[in-house]
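> predicted model, plus sequence, below.
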Amino acid sequence: MERVLARWRLAALLLGAVLLMGAYPGTKAAFLNLAQTWTAAQTFTNSDVLLLGSSTGYTTLTSANAGSSNFTLTFPAVTATLATNPPLTTGSSTGNTFTAPAGFFQCTAACTVTPPAPAAGYQFCVWDKPGTAGAIVLGGNTGVFYGKTDFSGYGSSGGTLTSGGANGDKACIIGIDSTHYDTVTFGGTWTASWLWFPKRSEDIG
């Protein structure tokens, strides 16, 4: 009996869809598990669009629009990843890191901050807290080059970018490709250095 009722419900649903499309030519009925193209605007109650990830978890699409005005959010014609505001971290000493694709770091004393291997568009800024005159070191990554602040070239592979340790030291770097960061803005004196390997004992003397 339940199977019969289910079939009747499905038949009624399909009949209703057919009648609807007949009354409003060009309309479409929405069906589950069927790819469809919509040619007219569709309105959903806020937070009723749930986008599944690769598992059972989902991301809810929510609008902060609380008024009667309409807004348009335009996505660029590019393959990329949506990002939130870059995180701001404060700290000192060594062992600090940036997380792709962007970030800010305020040094409260001498500090070392290491960015990830670059990619086009990655951007990171680091600076001394006002009243602080600690040296800033942007840590090195194997095979990665930092651009010199005078744009005369790049430091050596795997090298660091180090400030002179004066009040007002700051630098912003942008990833150009998978191996280069350009230093696009800076304050103070900065040196794009290189890795130093001590001589082997058999090479000395």
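Received the coordinates, thanks. Numbering: from 1, shown residues only.

> for this structure, which segments count as helices?
2-23 (DSSP state H).

> hmm, which helix or strand of it has the shakiest average pLDDT?
Taking mean pLDDT, DSSP states H and E as the measure, the chain has helix 2-23 as its least confident helix or strand, at a mean of 60.

> need the CA coordinates for stretch 152-161. CSV is fine.
Extracted in CSV, the C-alpha atoms of stretch 152-161 (Å, rounded to 0.1, in the frame of the first residue of the first chain):
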residue,chain,number,x,y,z
SER,A,152,69.0,45.8,-8.2
GLY,A,153,68.3,42.1,-8.1
TYR,A,154,67.7,39.3,-5.7
GLY,A,155,69.5,37.8,-2.7
SER,A,156,70.8,34.3,-2.9
SER,A,157,68.7,31.2,-2.9
GLY,A,158,67.5,30.3,0.6
GLY,A,159,68.7,33.6,2.0
THR,A,160,67.0,35.9,4.5
LEU,A,161,65.8,39.5,4.4
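
> which parts of that stretch are buried?
Of the residues in stretch 152-161, those scored as buried under the neighbour-count criterion (16 or more other CB atoms under 10 Å) are 154-155, 158-161. C-beta here means a position set from N, CA and C on the backbone, and glycine is covered the same way.

> considering those residues, which is situated nearest to residue 60?
For the buried residues of stretch 152-161, the residue nearest residue 60 by CB to CB is residue 161; the value is 40.8 Å.

> mind checking pLDDT for the closest one?
In the prediction, the pLDDT value recorded for residue 161 is 98.

> residue 125 is in contact with residue 98, correct?
No. Contact between residue 98 and residue 125 fails when scored by CB atoms under 8 Å: they sit 9.4 Å apart.

> quick one on the thing from earlier: dump the buried residues of stretch 152-161 to JSON lines, plus distance to residue 59.
Supplementary listing: the buried residues of stretch 152-161 in JSON lines, determined by distance: CB to CB, whole Å:
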{"residue": "154", "distance to residue 59": "40"}
{"residue": "155", "distance to residue 59": "41"}
{"residue": "158", "distance to residue 59": "38"}
{"residue": "159", "distance to residue 59": "40"}
{"residue": "160", "distance to residue 59": "38"}
{"residue": "161", "distance to residue 59": "37"}
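
> so of those, which ones are in strands?
Using DSSP state E, the members of those that fall within strands are residue 161.

> among the buried residues of stretch 152-161, which one lies nearest to residue 138?
Distance to residue 138, by CB to CB, is smallest for residue 161 among the buried residues of stretch 152-161, at 4.1 Å.

> isn't residue 193 right up against residue 160?
Yes. Counting by CB under 8 Å, a contact exists between residue 193 and residue 160, whose distance comes to 5.2 Å.

> overlap of the contact sets of these two?
Listed as contacting both residue 193 and residue 160 by CB atoms under 8 Å, 6 or more residues apart in numbering is no residue at all.

> find me the pLDDT at residue 90, would you?
In the prediction, the pLDDT value recorded for residue 90 is 97.

> likewise residue 59?
93.

> got the contact list for the closest residue to it other than its chain neighbours?
Ranked by CB to CB, 6 or more residues apart in numbering and with sequence neighbours excluded, the top spatial neighbour of residue 59 is residue 51, at 4.7 Å. Under the criterion of CB under 8 Å, 6+ apart, the contact list for residue 51 reads 58-61.
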